[in-house]
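Engineer: Below are the sequence and a predicted model; questions follow.
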Amino acid sequence: MTTLCDVCEHDAIGMAARGYHLSWIPTRNSTGGKLLFPGVRECLETVRERYPRCVIGSITNGLGSASESGLREFFDFEISADELIDKEGVNGDVARKPSPWPFRRAQTMAQTFMLESGNANRASDDDVISSLKIGDHKLERAYWVHVGDDVLNDCKAAKVHLNCRTVLVRDVNVVKYVSGGGAPWAERPEAVEEAEKNKALYVDEEIVSVGDLPDILGKWFN
């Protein structure tokens, strides 16, 4: 089978994929750095200052990168579902939130970072990780906070899979992203409806700006 430009289908797919990774993704990340929501950098600076031994990571269902958007200094690890699918062959339904797999991987990566990083004294800080047990997935909710903008994929998933505290960021001025079909089972209308209907079960705090997060953490941990 050939395309109209006389390139076989296999090569055409490879060319498109290469262009996607070499051009579109870097452009997306750099643009993200220019369009950060107000208070994001200040929020992360405050969290780092108040909780110097905390571990900060991100989980995304796509290929966006906080580090490549100019926030590298604040993040200890990142999990990209699309990257896991491309590089490690992880099944899409498994790699993407609200599947338990990315949350369990995040826990493992946080534990590994605390044990192997140059700042390994994080692993002995009782205020941060006294409840973490290396080698299993037990995590007391008091020491893990998941922040996200989606009740189903973020708050419900984190609550169900890790039993941790959750913060929902919901700015009324932001038009919510709707999946184009990358994770069809996760975007079932009935699943979204159930999560929203029972939001009180899954959301511990709701804020309208990421800049409000340090105050929430202060209420819980100070």
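Structural biologist: Received, thanks.
Engineer: Kindly report the domain assignment for the chain.
Structural biologist: Using automatic domain parsing, the domain ranges for the chain come out as 1-35, 38-221.
Engineer: Out of those domains, which one sits most buried?
Structural biologist: domain 38-221 (a mean of 16; mean count of other CB atoms under 10 Å). The C-beta positions use only the backbone N, C-alpha and C, and glycine is treated the same way.
Engineer: Start and end of that one, how far apart?
Structural biologist: 24 Å (CA to CA, to the nearest Å).
Engineer: what is the mean pLDDT for that domain?
Structural biologist: The pLDDT scores in domain 38-221 average 82.
Engineer: What is the end-to-end distance of stretch 57-74?
Structural biologist: So stretch 57-74: terminal residues 9 Å apart, CA to CA.
Engineer: just checking, what's the longest helix in this structure?
Structural biologist: Longest helix in the chain by number of residues, with DSSP state H as the criterion: helix 100-116.
Engineer: ok, now which ones touch the most centrally placed residue in the chain?
Structural biologist: Centroid-nearest residue in the chain: residue 59, 2.1 Å away (criterion: CA atoms, centre = their mean). Shown in contact with residue 59 (CB atoms under 8 Å, 6 or more residues apart in numbering): 78-79, 81, 97, 102-103, 106.
Engineer: Turn the residues you listed into JSON lines, columns for distance to residue 163.
Structural biologist: Below are the contacts of residue 59 laid out as JSON lines (distance: CB to CB, whole Å):
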{"residue": "78", "distance to residue 163": "23"}
{"residue": "79", "distance to residue 163": "19"}
{"residue": "81", "distance to residue 163": "22"}
{"residue": "97", "distance to residue 163": "16"}
{"residue": "102", "distance to residue 163": "16"}
{"residue": "103", "distance to residue 163": "11"}
{"residue": "106", "distance to residue 163": "14"}
